[in-house]
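Engineer: Next one to model:
(one chain, ligands or ions: 1)
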Amino acid sequence: MDLKKVERVYSNYASFYDHIFGKVFHEGRESAVRNLNVPPGERILEVGVGTGLSLPLYPAHCRVTGIDLSSGMLDKARERAAAQRLSHVELHQMDAGNMKFQDDSFDTVVAAYVVTAVPDYRKVMAEMIRVCRTGGRIILLNHFSNGNKLIAAVEKAISPLCKHIGFRTDLSLNHVLEGTSLQVAKKEMVNPLRFWHLVECVNQKNGPKNGSHPSSH
Ligand SMILES: C[S@@+](CC[C@H](N)C(=O)[O-])C[C@H]1O[C@@H](n2cnc3c(N)ncnc32)[C@H](O)[C@@H]1O
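Structural biologist: Residues are numbered from 1 along each chain as shown. Down below sits the predicted model:
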């Protein structure tokens, strides 16, 4: 999918997104923010913030910047931030693969259910790394395909269909990290069936690059 289609698909979702993807995926969002133990003054960027379901979870002593491509999703996030008086939150419409922020602008960058929803995850990863300071944290909350051959075959088979509705199922964590210097510091499984990964990476910009893993997708 290209950027225009992603924008359209998610803006069409906006009015019912929370009913379908709210509660069922909320444990993952809560764990992601809880694990951050957000220190005062932390500059946090959430890419693909969507309708802002995670925004009320951040403590008021940090600064949260949320971006999303979809104006429809962002409108919902803005309504939520206003209704809950989240004055430590600011929201912008922006492509996560081409951000307007300067290098090293944030201490922590969070992508919750996003890397499999973007047209070009490599561009988005590169941008997340660029705008996060060296030694900062990059948090990935997502379903990644794993080594189970049967599940991987099903994921691959349904991926073309899923692409039309806004996400892919056949991407592995190894593929996402390949060629980056991100160092995995913590990994846990979350949400129903423990099918989703919550991964904390340290942004070692000049560290050794992760290699490719030919056995996984
Ligand atoms: C599955 S939703 C996740 C929303 C939210 N993070 C959550 O926890 O529910 C994926 C979001 O990524 C956004 N998105 C997709 N591609 C994007 C891009 N290139 N730049 C910014 N946001 C993007 C979509 O508009 C959508 O809001």
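
Engineer: Going toward the C-terminus from whichever strand or helix holds Lys156, what's the next helix or strand?
Structural biologist: Using DSSP states H and E, Lys156 maps to helix 149-164. Sequence order places helix 173-177 as the next helix or strand after helix 149-164, per DSSP H and E.

Engineer: helices and strands around the longest strand belonging to the chain, which ones?
Structural biologist: As assigned by DSSP state E, the longest strand anywhere in the chain is strand 132-142. Under the contact criterion of 3 or more Cβ pairs under 8 Å, 6 or more residues apart in numbering; DSSP states H and E, strand 132-142 touches helix 26-36, strand 106-112, strand 182-190, strand 196-203. Placement of C-beta: from N, CA and C, glycine included.

Engineer: what's the closest of these to Gly48?
Structural biologist: Nearest to Gly48, of all the helices and strands packed on strand 132-142, is strand 106-112, at 6.1 Å by Cβ to Cβ.

Engineer: So in that sheet, which strands flank the longest strand of the chain, and in what orientation?
Structural biologist: Its sheet considered, strand 132-142 pairs with strand 106-112 (parallel), strand 196-203 (antiparallel) by DSSP bridges.

Engineer: Other residues contacting the last one?
Structural biologist: Yep, that's strand 196-203 we're talking about. Residues from elsewhere that reach strand 196-203, judged by Cβ atoms under 8 Å, 6 or more residues apart in numbering: 25, 28, 31-32, 35, 109, 129, 132-144, 173, 177, 181-190.
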